[in-house]
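> show me how the following folds:
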Amino acid sequence: YGSPTEIEAHQGHVHTISFSHDGGHLASAGADGLLRIWDSATGNRVASLSTGAAEVNCAAYCPTAKTIVAATSDCRLQLWDSARGEIAASCRLDSMQNPNCLAWCGDGDRVIVAGSPGLAAMEWDTLSGQVRPIALGHADEVNQIALSQDEQYLASCSSDGTVRIHDRAIGSCVADFNPGQTHVTCVEFSPDGQWLATAGVHNKVKLYRTDDWDHVATYDTLADRVGAIAFSPRARLLAICDGLGVVREWDWVADEIVRSASGGHGRIMAAAYSGTGPSFAAASSDGFVCMWDHRQEDALHQEFTRESGGGVAFTNDSKYLLSCQTKRHALFRLPSLRAVTPGLWNLSGFSLANVFPFGEHDVGVLYLKSRASAVRYGPIFGQQPAAGFRIVQEAEQNLASPDAQYLITYNATKPYGTNDYTQQ
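Here you go, the predicted model:
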């Protein structure tokens, strides 16, 4: 990571941090009842706003404007105009005892807030002032909520040990699972909406695929508790902040920790990436906020995409195909070719027997035995393919599945600079 910019932000715990939509400012809120704004480039304080409450439980910048919403310990929501330093609107949450997590939705005019009790969240329309309940169904306090990129799904995690997925279009829970922890403290969607990460007490960070909510990867922190997680802007890295004050960036594609650092002198309470700027920040229980430069992610992505080589194999039951490469792998479920464990490429939208790359110069072609004939998809190298099923370029490896229903060909002779694959 290198040396961070350290900010002595609050007296007591820093409960939450949030970057502005342009990445220029960072908002922090804590146990002293203050909402503070910092210049994310220099770490200098821009404003200090008093909420009038004993504590600010959570706060977040609007994704489209420079307004900030804060949930306070006296069960109020406050909408702040950060430029003027004034409260633009407020709302009393009479049915909620402890609002401790929130998320913006709509065009930056609505806020969803949850906490204790965990049976329901509340959605506040900041323009009309109306508040409506959203059933969550948790048996204990809700610790965090997250909205998917398209705002279809609202994920919530609770001290009852469960994660629930609420489909906002149909108004009901569509998934309910237990990640194996007594308290689930963190839930986060990736920026592209394809992955959901959870964490909590008992070490484990788990990754789920959002098209079917299947568990695809696990990282063991070896710490007693994870206080915060955050996806990087490209969704390649997941920042994991544990109860020992350590920040680790997990490259879940390669399944390795690429960077780590100390995030202050206490337990880390919150973490955030700037969506447009170069900053990553972590806030701790000792009142400090630390900021680092995360621009190395682009270099990391380029380094891995340059690598090639490896092989393929079928499982004995012919239900899965494994692609193995240097520092990355992917397991595909046949016949849909849906990725079961994450690889470098997102293949969830690929149809049966499609072409997929193994590396910069390598091509895989999958054949399916269907009825009395084969279905073939293959690459075109600047010319029309020959009739029938003849391979345009010689394959270096041929491998049949045990049930003889699939044949994979591994080809490492793709001309340099040829990037398109055309369905035959």
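
> switch to C-alpha atoms for all contacts and neighbour counts from now on
Fine.

> helices along the chain, start to end?
Per DSSP state H, the chain carries helices over the ranges 296-306.

> which secondary element of it has the worst mean pLDDT?
Least confident element among the helices and strands of the chain, by mean pLDDT, DSSP states H and E: strand 373-376 (a mean of 32).

> who are the contact partners of the closest residue to D251 other than its chain neighbours?
Nearest non-adjacent residue to D251, counting by C-alpha to C-alpha, 6 or more residues apart in numbering: L237, 4.8 Å away. By C-alpha atoms under 8 Å, 6 or more residues apart in numbering, L237 lies in contact with 231, 249-252, 297.

> A41 now?
Shown in contact with A41 (C-alpha under 8 Å, 6+ apart): G24.

> before we move on, what about the one 5 residues further on?
By C-alpha under 8 Å, 6+ apart, the residues touching V46 are 36-39.

> quick one on the thing from earlier: max pairwise distance over the contacts of L237: which two?
Spatial extent of the contacts of L237 (C-alpha to C-alpha) is set by the pair W252 and E297 at 13.0 Å.

> circling back to that earlier point, most neighbours, which of the contacts of V46?
I37 (24 neighbours; other C-alpha atoms under 10 Å).

> could you measure from the residue lying closest to that residue once chain neighbours are set aside over to G180?
Counting by C-alpha to C-alpha, 6+ apart, I37 lies nearest to A27, which is 4.5 Å off, once chain neighbours are set aside. Note on A27: its distance to G180, by C-alpha to C-alpha, to the nearest Å, is 33 Å.

> neighbour-wise, which of those two wins?
A27 (25 against 16).

> ok, what's across the strand from that one?
Beta-bridge pairing for A27 (DSSP bridges): S18, I37.

> shouldn't it be in contact with W38?
Yes: in this structure, A27 is within contact of W38 by C-alpha atoms under 8 Å, at 6.3 Å.

> restricted to strands, list the contacts of L237.
Among the contacts of L237, the members found in strands (DSSP state E) are 231, 249-251.

> least confident of the residues you listed?
Across the set of the ones in strands among the contacts of L237, D251 stands lowest in pLDDT, at 88.

> list the residues that contact that residue.
236-238, 257-258.

> R84: neighbour count?
Using other C-alpha under 10 Å, R84 has 10 other residues around it.

> per-residue pLDDT, it?
For R84, the model assigns a pLDDT of 92.

> list the contacts of S116.
So S116 contacts 96-99, 140-142 (C-alpha under 8 Å, 6+ apart).

> give me the nearest residue to C157, chain neighbours excluded.
Using C-alpha to C-alpha, 6+ apart, the closest residue to C157 is V163 (4.5 Å).

> settle this for me: that neighbour is touching A155, isn't it.
Yes: between V163 and A155 there is a contact under C-alpha under 8 Å: 7.0 Å.

> neighbour count for these two, which is higher?
Remark: of V163 and A155, V163 carries more neighbours, 26 against 23, as counted by other C-alpha under 10 Å.

> that one and N98: what is the separation?
V163 sits 19 Å away from N98, taking C-alpha to C-alpha as the criterion.

> what of R209?
Going from R209 to N98 by C-alpha to C-alpha gives 31 Å.

> before we move on, the earlier item: return the member of the contacts of V46 nearest to C290.
Nearest to C290 among the contacts of V46, counting by C-alpha to C-alpha, is W38 at 11.6 Å.

> quick revisit: which of the ones in strands among the contacts of L237 are buried? Put it as a PyMOL command.
Here the buried members of these are turned into a PyMOL selection, burial being counted by 16 or more other C-alpha atoms under 10 Å:
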select buried, resi 231+249+250+251
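
> next, format the ones in strands among the contacts of L237 as TSV and append distance to L136.
Shown next, in TSV, are these (distance: C-alpha to C-alpha, whole Å):
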residue	distance to L136
F231	24
E249	31
W250	30
D251	31
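
> now stretch 33-48: average pLDDT?
For stretch 33-48, mean pLDDT is 94.

> what residues are up against H21?
By C-alpha under 8 Å, 6+ apart, the contact set of H21 is 61-66, 274-276.

> what about it, distance to M291?
17 Å.

> next one: S73
27 Å.

> cool, and A65?
According to C-alpha to C-alpha, A65 and M291 sit 22 Å apart.

> what's the span of stretch 167-183, first residue to last?
When the termini of stretch 167-183 are compared using C-alpha to C-alpha, they are 23 Å apart.

> same check on stretch 64-83?
14 Å.

> buried sites along it?
For stretch 64-83, by 16+ other C-alpha under 10 Å, it's 67-82.

> and L147, bridged to which residues?
Beta-bridge pairing for L147 (DSSP bridges): L154.
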